[in-house]
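>>> Any chance you could fold what I've pasted below:
(one chain, ligands or ions: 1)
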Amino acid sequence: MERKKVVIIGSGFSGLASACSLAQGGVDVTVVEKNDSLGGRARKFQHDGFLFDMGPSWYWMPEVFDQFFEKFGKKVSDYYTLERLDPSYRVYFEDEYVDIPATMPELYKFFDFHEPGSSKQLKKFLDEAEYKYQVGMDEFVWKPGHGITEFIDSRVVKSLFKLQMFSSIDKQIRKLFKNPKLIKLLEFPVLFLGATPADTPALYSLMNYADLKLGTWYPQGGMHKIIEGMVSLAKELGVNFETETNINGVTIGNGKVQSANSSSSSFECDYLVASADYHHVDQHIMPKGFRNYSAEYWDSRTMAPSSLLFYLGLNGRLEGIKHHNLFFDEDFDLHAEEIYKNPKWPSKPLFYICCPSKTDKSIAPAGKENVFLLVPLAPDLEDSEEMREKYFHIICERIIDKVGVDIRPMIEYKRSYCMNDFKNDYNAYKGNAYGLANTLFQTAFLKPKLKNKHLQNVYYTGQLTTPGPGVPPSLISGQVVAAEILKTIKA
Ligand SMILES: Cc1cc2nc3c(=O)[nH]c(=O)nc-3n(C[C@H](O)[C@H](O)[C@H](O)COP(=O)(O)OP(=O)(O)OC[C@H]3O[C@@H](n4cnc5c(N)ncnc54)[C@H](O)[C@@H]3O)c2cc1C
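Next up is the predicted model:
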């Protein structure tokens, strides 16, 4: 029998995961990418000895990566060397900074120091979070999310209350902890990846388990090593790649997409996997009558934040910071409100500094520092050079205040990246950086569906559909879609 052909639009984590899984299933796979390099939001670029990861920098949930490579008889260590960071990260508060320890006894001590007796509460909180993580990772995230019925027999529905689906994570945290610093520490993972803690189901405390117990890791050579590993695996499995090819339409016949088209080429397919931003494919590639959703539907979704980023090459060492540094020295709730409720450029931004050259000497010239600054922003704000520069100086002043160093005279290379770049480079709806927020009404089968409702052979994957934003979910999303397609091929 002739091998089925699948075309995948986009080479991010979800596209590469589906490409490898489909190729392993005996399918002829072509990945078509609009940019000149692979990896999507996790691309890299180089400048005079500095190697910058453009997007993700936190390697969480290591077993998701282990499981992925193991499916193909490989190990993570075949592609990159992982290191667990200790401390996991540093947090700057108004009056002090704290280093978050990687070991549990140290972490318990840390909690008791800030709120006497709170280590007991932390243990309870993390035990519950571990249960949610296990149910979530064993069952929840692997469901395609076609409808509620697929959850009926699972532990997910049987333990909806135990999973605390209907209460918010901020209530759960505030019931157990009173110290504002501990509260910020526990709320940050959901805030940076999706929605206000008040709008996020307590289910997502599974992220705290991932953070505090499973740890923060780093692949030597940079996060892009994961992409390189996946691309090398995909090529070994026979996947074809076409870069600098923007898909701008499809040819439809017999209730199916027959080909995905760019301005100069046409890629015939039996199945189409859209791993580019769902909204873009739905509204701009699919013709009217074949779209899953309306413009109003998309406009009413809560998007995860966009970001203002700076990639900096510093001519010297930046003392006084760690690999990951969170600046929570201003009002947390105000910034959350200015991302989610009352969108505007933040009055007093929280921000994040990543300095991976603290762990990895290969990504900066000797004696120099590789730095990445990130300010989470509400999606679709007006982006201009003036605003980027204004915020750059606000951040630099805060670094002087908290770390005691003015980085500006040290700058050898500087590149900014914001809303307009997300739109131009990734066709990102409203310039989102991390897809769709994890609110209760955008969880599981309530997320945009991974199958086209009108065309039998069109599927969606990536951070705007199940299971959600972030590298591990995107990796899972690609595998879930591939499994759905392979099921229909084998049926
Ligand atoms: C700044 C930043 C920091 C982040 N930090 C973290 C982190 O620390 N940890 C973490 O787990 N997650 C993090 N994330 C989120 C994570 O990077 C994403 O969830 C994940 O990479 C998304 O993968 P994806 O496959 O869904 O989409 P993408 O990576 O966006 O891939 C989609 C691809 O489709 C291509 N494309 C779009 N339109 C077309 C078209 N018409 N034709 C052809 N190709 C097209 C795009 O160019 C892109 O390559 C971060 C994201 C950003 C932006």
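>>> contacts and neighbour counts: CA atoms only from here.
Noted.
>>> Spell out which residues belonging to the stretch 201-350 of the chain are near the ligand, please.
Within the stretch 201-350 of the chain, the positions adjacent to the ligand are Thr245, Asn246, Ile247, Asn248, Ser275, Ala276 by Cα under 6 Å from any ligand atom.
>>> ok, 5 Å please
Neighbours of the ligand within the stretch 201-350 of the chain, by Cα under 5 Å from any ligand atom: Asn246, Ile247, Ala276.
>>> Test my guess that the last one contacts Tyr426.
Yes. Under the contact definition of Cα atoms under 8 Å, Ala276 touches Tyr426, with a separation of 7.4 Å.
>>> Can you give the domain ranges for this structure?
The chain breaks down into these domains under automatic domain parsing: 5-79+221-301+436-490, 119-213.
>>> ok so, going back, of the residues of the stretch 201-350 of the chain next to the ligand - the most surrounded one?
Highest neighbour count within those: Ala276, with 28 neighbours (other Cα atoms under 10 Å).
>>> would you list the domains of the chain in a markdown table and tack on distance to Glu389 and mean pLDDT?
Below are the domains of the chain laid out as a markdown table (distance: least, Cα to Cα, whole Å; pLDDT from 0 to 100):
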| stretch | distance to Glu389 | mean pLDDT |
| --- | --- | --- |
| domain 5-79+221-301+436-490 | 19 | 96 |
| domain 119-213 | 22 | 84 |
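>>> before we move on, back to that, with secondary structure added, can I get the residues of the stretch 201-350 of the chain next to the ligand in a markdown table?
What follows is those, written out as a markdown table (DSSP: H, G, I helix; E, B strand; the rest coil):
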| residue | secondary structure |
| --- | --- |
| Asn246 | coil |
| Ile247 | coil |
| Ala276 | coil |
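>>> List the contacts of Gly462.
Going by Cα atoms under 8 Å, 6 or more residues apart in numbering, Gly462 touches 13-15, 275-278, 468-469, 473-475, 477-478.
>>> State the number of residues packed around Arg408.
Neighbours of Arg408 (other Cα under 10 Å): 14.
>>> Just give the nearest non-adjacent residue to it, would you?
Using Cα to Cα, 6 or more residues apart in numbering and skipping residues adjacent in sequence, the residue nearest Arg408 is Cys396, 7.3 Å away.
>>> buried ones in stretch 475-491?
For stretch 475-491, a neighbour-count test (16 or more other Cα atoms under 10 Å) marks Leu475, Ile476, Ser477, Gly478, Gln479, Val480, Val481, Ala482, Ala483, Ile485, Leu486 as buried.
>>> mind listing the helices for the stretch 201-350 of the chain?
Per DSSP state H, counting those that start in this stretch, the stretch 201-350 of the chain carries helices over the ranges 206-208, 224-236, 278-280, 295-299, 332-340.
>>> could I have the last one exported to CSV, CA atoms only?
Right, the one you point to is helix 332-340. What follows is helix 332-340 as a C-alpha-only set of coordinates in CSV (Å, rounded to 0.1, in the frame of the first residue of the first chain):
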residue,chain,number,x,y,z
PHE,A,332,2.4,41.4,41.7
ASP,A,333,-1.3,42.0,41.6
LEU,A,334,-1.0,45.3,39.7
HIS,A,335,1.1,43.7,37.0
ALA,A,336,-1.3,40.7,36.8
GLU,A,337,-4.2,43.1,36.5
GLU,A,338,-2.4,45.1,33.7
ILE,A,339,-1.9,41.9,31.7
TYR,A,340,-5.3,40.2,32.1
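>>> bridging residues for the residue nearest to Phe351 when sequence neighbours are not counted?
The shortest distance from Phe351 to any non-neighbouring residue, by Cα to Cα, 6+ apart, is to Val375 (4.6 Å). Per DSSP bridges, the residues bridged to Val375 are Leu308.
>>> what about Val375, how many neighbours?
For Val375, the neighbour count with other Cα under 10 Å is 23.
>>> ok, now Asp199?
Asp199 has 20 nearby residues by other Cα under 10 Å.
>>> got a list of what Cys20 touches?
Here Cys20 is in contact with Met230, Leu233, Ala234, Leu237, Val239 (criterion: Cα under 8 Å, 6+ apart).
>>> Ok, Leu237 next?
Counting by Cα under 8 Å, 6+ apart, Leu237 makes contact with Cys20, Ala23, Gln24.
>>> so who does the nearest residue to Asp211 once chain neighbours are set aside touch?
The shortest distance from Asp211 to any non-neighbouring residue, by Cα to Cα, 6+ apart, is to Trp60 (6.9 Å). With contact set as Cα under 8 Å, 6+ apart, Trp60 has these partners: Ala210, Asp211, Leu214, Gly215, Thr216, Trp217, Pro472.
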